[in-house]
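S.K.: next comes the sequence, and after it the predicted model I'd like to discuss.
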Amino acid sequence: SAERVKMMSTIKKLDPIQLATSADVETLDRIMQFTTQNLPNRDWFFDDDIDFIRRHINSDSGYTLKYMVDGEIAGFLIIRYPGSDDDNLGCYLDLPDEELQYVAHMESTCVLPQYRGRRIFQQLTARALEIERAKGRLMDALHLSEKDAHYRMQKKSMDSGRRIADVAREILELEDLSGF
């Protein structure tokens, strides 16, 4: 409905942290390339390619949070779900195989130089941790796969017109998730 579109537009204006979309892929790639090229030591950062970014735009493989300032992407954070991949860091912690599905990697983060010093990285990280804790709680309480828990959170966000962070907070505060 037109009212829902207007409400979603208002929410996006108020919250600088948003889920990146496929329309953001090329901008995210340019930010990553710029960041990598301007590091004092390029060994400090592994720049992912555009296909990696594309695979982590709200998919089963993960998602990307972007931080907006005056209508422009100032920075972003890519979250990846390694699942049974060999590089799942849960393997190094000797997690049982059934718990590896709960692991999320913070893969890449970039903040453009003109926006540094505004705690953008800390805000993106805090938001991702909140989303992941809520998703983990859904998975545990309702015996959902990671994909299904992520889908339920997104659907609840879209249906209610609320930010995914607000949905995550609701999940973390609810005692009984059976109706979620």
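M.R.: Noted; the coordinates are in hand.
S.K.: so where is this structure shaky, pLDDT-wise?
M.R.: Applying pLDDT under 70 to the chain flags residues 1-13.
S.K.: please enumerate the strands of it.
M.R.: 17-19, 62-69, 72-80, 105-111 (DSSP state E).
S.K.: would JSON lines of those strands with mean neighbour count be doable?
M.R.: For glycine as for every other residue, the C-beta is placed from the backbone atoms N, C-alpha and C. JSON lines is the format used below for the strands of the chain (neighbours: other CB atoms under 10 Å):
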{"stretch": "strand 17-19", "mean neighbour count": "19"}
{"stretch": "strand 62-69", "mean neighbour count": "21"}
{"stretch": "strand 72-80", "mean neighbour count": "22"}
{"stretch": "strand 105-111", "mean neighbour count": "19"}
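S.K.: what would those look like in CSV with distance to residue 121?
M.R.: Below are the strands of the chain laid out as CSV (distance: least, CB to CB, whole Å):
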stretch, distance to residue 121
strand 17-19, 12
strand 62-69, 9
strand 72-80, 7
strand 105-111, 6
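S.K.: and of these, who's closest to residue 93?
M.R.: Ranking these by proximity to residue 93 (CB to CB) places strand 105-111 first, at 12.7 Å.
S.K.: contacting residues around the closest one?
M.R.: Applying CB atoms under 8 Å, 6 or more residues apart in numbering, the external contacts of strand 105-111 come out as 28, 31-32, 35, 46-48, 52, 56, 62, 67, 74-82, 88-89, 120-121, 124-125, 128.
S.K.: what's the closest of the strands of the chain to residue 160?
M.R.: Of all the strands of the chain, strand 17-19 sits nearest to residue 160, with 15.0 Å by CB to CB.
S.K.: can you give me how far that closest one is from the chain middle?
M.R.: Once both centres are worked out by CA atoms, centre = their mean, to the nearest Å, strand 17-19 turns out to sit 8 Å from its chain's centre.
S.K.: tilt between the helix ranked longest in the chain and strand 62-69?
M.R.: If you go by DSSP state H, the chain has its longest helix at helix 120-142. Counting by axes from the mean of the first three to the mean of the last three CA atoms, to 10 degrees, helix 120-142 lies at 140 degrees to strand 62-69.
S.K.: please consider this matter closed, and thank you.
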